[in-house]
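A.B. asks: the sequence isn't on hand, but the structure is:
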């Protein structure tokens, strides 16, 4: 399965951020402890780690 992001629906700042995500190290972990409805730890998807 190939995931194709819909960048055209994002705001301009979000589109710019998307292009910078490849620079995020693979060991980076985003802690979401302030958001109760989301898992406590999420790995940032960089686009190249999809099976």
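C.D. replies: All right, it came through fine. No experiment lies behind these values; they were computed from the predicted model shown.
A.B. asks: pLDDT weak spots in this protein?
C.D. replies: Within the chain, the segments meeting pLDDT under 70 span 31-51.
A.B. asks: ok, now with 50
C.D. replies: Confidence mapping of the chain against pLDDT under 50 gives the ranges 39-41, 51.
A.B. asks: what segments of it are strands?
C.D. replies: Secondary structure of the chain, counting by DSSP state E: strands at 29-31, 41-43.
A.B. asks: quick one, helices of this structure?
C.D. replies: Listed in chain order, the helices of the chain (DSSP state H) span residues 12-20.
A.B. asks: how near is the nearest residue to residue 18 once chain neighbours are set aside to residue 19?
C.D. replies: Once flanking residues are discounted, residue 18 sits nearest to residue 7: 5.9 Å by C-beta to C-beta, 6 or more residues apart in numbering. The C-beta positions use only the backbone N, C-alpha and C, and glycine is treated the same way. Remark: distance between residue 7 and residue 19 (C-beta to C-beta, to the nearest Å) = 9 Å.
A.B. asks: what touches both of the two?
C.D. replies: Counting by C-beta atoms under 8 Å, 6 or more residues apart in numbering, residue 7 and residue 19 have no common neighbour.
A.B. asks: residue contacts, residue 6?
C.D. replies: For residue 6, the contact set (C-beta under 8 Å, 6+ apart) is empty.
A.B. asks: what's the distance between it and residue 18?
C.D. replies: 11 Å.
A.B. asks: what do you get for residue 27?
C.D. replies: 20 Å.
A.B. asks: okay, the two: which has more neighbours?
C.D. replies: Using other C-beta atoms under 10 Å as the criterion, residue 27 and residue 18 rank with residue 18 on top: 13 against 6.
A.B. asks: so the more buried one sits right up against residue 9, yeah?
C.D. replies: No: applying C-beta atoms under 8 Å as the test, residue 18 and residue 9 come out as separate, 11.5 Å apart.
A.B. asks: burial check on the residue lying closest to residue 15 once chain neighbours are set aside, number of neighbours?
C.D. replies: With sequence-adjacent residues excluded and distances taken as C-beta to C-beta, 6+ apart, residue 15 is closest to residue 7, at 5.5 Å. Neighbour count for residue 7, taken as other C-beta under 10 Å: 10.
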